[in-house]
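S.K.: Sharing a model prediction with you, sequence too.
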Amino acid sequence: MIISMFPVLEELFNVDVAVISLTITLFMIPFSLFHVVTGAMSDAYGRAKVMLLGSSIYCMGSFLASASPVIEVLLASRVIQGVGGSMLLPVAMALIGDIVEPRRLGRAMGGFSMAVTAGVALGPLVGGYMASIHWAYAFILLGLMALLLIPLILAVEVFKRSSTPRAFTVWRGFFKALRNKVVLTSGAIGFLAFVVRMGVYTYVTDALGKPPHEWSTDHIGLLLSLAGFAGLGAGLLAGYLTDKLGRLQTAFVGLAMLFTTFAMLVLPSWPLLMPVIMVMLGFGGTTTFTPLSTLAVEVEPQFRGAASSVYGFLRFMGYALGPPILLAPYAYLGVGGVAFACMALVAASTLALALMRRLALRLTL
């Protein structure tokens, strides 16, 4: 949401884009770091308590952001939002695993993917609209949404707490998830899938804005939204395939779509194919993430929150590290270099997925 507000915030606080971009960095750092343990905390203390704490912290950070008189307060509020947000996403995934039966878990995760993708796709549009009225309204809206979560969480009666001593359970669950090969492999594939997605978002759009293409920012923004809306549409289908075709088989389909996407980027006519490429990127990403998320929350039922945290942490590290990882291929070989690097990473992900079949675990894949 905040990216589309950058021009307004730069003018308001009299800072350049380097400073205002810290609103993303300072959100993602605590979001990623706390992500590692918040799911394990929910295993020990209960889903409701952790989600209530996260909603309250996120609400406080959002309202503080809306009242920021100087840039330093806005940046501090983004840190607070990141801490609160880290307590919501992995715990919500674990909660879905708690309440949904295994044969329908894929479809539930598909719906969850749709909700997350909808936020990604609609966030810039909503942020841009709110900023055209008053920039603070965007943060007030986020605060109100977090506030409304509190009575909803209190009304849900499916939260359970382990009888094992609390502090021991948190760390036991965390280290058990770290040792689980399915969780780590799913997280590693999710990491690579986010790296390649961010590579396209960052460097392909950069190339389109420069000669000889010189696409307008509006045109590029519309192009990026295609991936989000395609992923939104793919959620239900990916969930259905996850339940009917199988977790691993559906992930193979998603990776095949991603490989095809990057193969098209190698073609000389790739700028003309960009609408198709972005739709394929959205479909392929959701079709890959949905079965991986399902695996992550079902493989360790007793420590489902911890597994969700470790898996989510690895995924979001791909979001953060994608641009620097693919910087060298882009610098030396342009879009073609990014395409070949992404194809190699998808091939590595496919190999890792194939090796997952050989794991001797008590899980029907």
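M.R.: It's in.
S.K.: what distance separates stretch 273-286 from the middle of the whole chain?
M.R.: Computed by Cα atoms, centre = their mean, to the nearest Å, the chain-centroid distance of stretch 273-286 equals 17 Å.
S.K.: ok, residues contacting that stretch?
M.R.: 110, 113, 117, 193, 197, 200, 204, 208, 223-224, 226-235, 238, 254-258, 260-261, 264-265, 267, 270 (Cβ atoms under 8 Å, 6 or more residues apart in numbering). In this view, the C-beta of every residue, glycine as well, is placed from N, C-alpha and C.
S.K.: Tell me the helix or strand right after the helix or strand containing G82.
M.R.: According to DSSP states H and E, G82 maps onto helix 71-86. Downstream of helix 71-86, the next assigned helix or strand under DSSP H and E is helix 89-99.
S.K.: about what we covered before: inside helices: which ones of the contacts of stretch 273-286?
M.R.: Taking DSSP state H as the definition of helices, the contacts of stretch 273-286 contribute 110, 113, 117, 193, 197, 208, 223-224, 226-235, 238, 254-258, 260-261, 264-265.
S.K.: elements contacting the helix holding G82?
M.R.: With contacts taken as 3 or more Cβ pairs under 8 Å, 6 or more residues apart in numbering; DSSP states H and E, helix 71-86 sits against helix 6-13, helix 22-45, helix 47-66, helix 136-155.
S.K.: Now render the ones you listed as a markdown table, adding distance to T288 and mean pLDDT.
M.R.: Output for the helices and strands packed on helix 71-86, formatted as a markdown table (distance: least, Cβ to Cβ, whole Å; pLDDT from 0 to 100):
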| stretch | distance to T288 | mean pLDDT |
| --- | --- | --- |
| helix 6-13 | 30 | 84 |
| helix 22-45 | 20 | 87 |
| helix 47-66 | 26 | 94 |
| helix 136-155 | 28 | 90 |
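S.K.: Is the residue lying farthest from the centre of the chain in a helix, a strand, or coil?
M.R.: Distance from the C-alpha centroid of the chain peaks at P212, with 32.6 Å (Cα atoms, centre = their mean). Assigned by DSSP: H, G, I helix; E, B strand; the rest coil, the conformation of P212 is coil.
S.K.: heads up, I number from 501, so please use that
M.R.: Let's use 501 as the start, then, which means that last one is P712.
S.K.: Can I have the buried ones of the ones in helices among the contacts of stretch 773-786 as a ChimeraX selection?
M.R.: ChimeraX command restricting the ones in helices among the contacts of stretch 773-786 to the buried ones, with burial defined by 16 or more other Cβ atoms under 10 Å:
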select :610,613,617,693,697,708,723,724,726,727,728,729,730,731,732,733,734,735,738,754,755,757,758,761,765
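S.K.: before we move on, back to that, tell me who's in contact with the residue farthest from the centre of the chain.
M.R.: Counting by Cβ under 8 Å, 6+ apart, P712 makes contact with nothing.
S.K.: Outside of the helix holding G582 itself, which residues are in contact with it?
M.R.: 509, 513, 515, 519-520, 522-523, 526-535, 538, 553-562, 564-565, 567-568, 639, 642, 646.
S.K.: From those residues, list just the buried residues.
M.R.: Buried among these by 16+ other Cβ under 10 Å: 509, 513, 520, 523, 526-528, 530-532, 534-535, 538, 553-562, 564-565, 568, 639, 642, 646.
S.K.: Check the residue nearest to V810 when sequence neighbours are not counted and give its pLDDT.
M.R.: Spatial nearest neighbour of V810, chain neighbours left out: A677 (4.4 Å); criterion: Cβ to Cβ, 6 or more residues apart in numbering. A677 carries a pLDDT score of 86 in this model.
S.K.: How about the backbone phi and psi for A677?
M.R.: phi -70, psi -40 (degrees, to the nearest 10).
S.K.: Give me the distance between it and L588.
M.R.: Counting by Cβ to Cβ, to the nearest Å, the separation of A677 from L588 is 18 Å.
S.K.: ok so, going back, could you pull up the mean pLDDT of the helix holding G582?
M.R.: Taken as a whole, helix 571-586 has an average pLDDT of 95.
S.K.: Tabulate the CA atom coordinates of that helix in CSV.
M.R.: Output of helix 571-586 as CSV, limited to C-alpha atoms (Å, rounded to 0.1, in the frame of the first residue of the first chain):
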residue,chain,number,x,y,z
ILE,A,571,9.6,11.2,9.2
GLU,A,572,11.3,9.7,12.2
VAL,A,573,8.0,9.0,13.8
LEU,A,574,6.7,7.4,10.6
LEU,A,575,9.7,5.1,10.4
ALA,A,576,9.3,4.1,14.0
SER,A,577,5.7,3.3,13.4
ARG,A,578,6.6,1.1,10.5
VAL,A,579,8.9,-1.0,12.9
ILE,A,580,5.9,-1.4,15.2
GLN,A,581,3.7,-2.4,12.4
GLY,A,582,6.3,-5.0,11.3
VAL,A,583,6.4,-6.5,14.8
GLY,A,584,2.6,-6.8,14.9
GLY,A,585,2.3,-8.2,11.4
SER,A,586,4.8,-10.9,12.2
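S.K.: In terms of helices and strands, where is the residue most central in space within the chain?
M.R.: Residue closest to the average C-alpha location in the chain (Cα atoms, centre = their mean): F816, at 6.0 Å. Taking DSSP H and E as the definition, F816 sits inside helix 804-825.
S.K.: tell me which residues in that helix are buried?
M.R.: 804-820, 822-823, 825.
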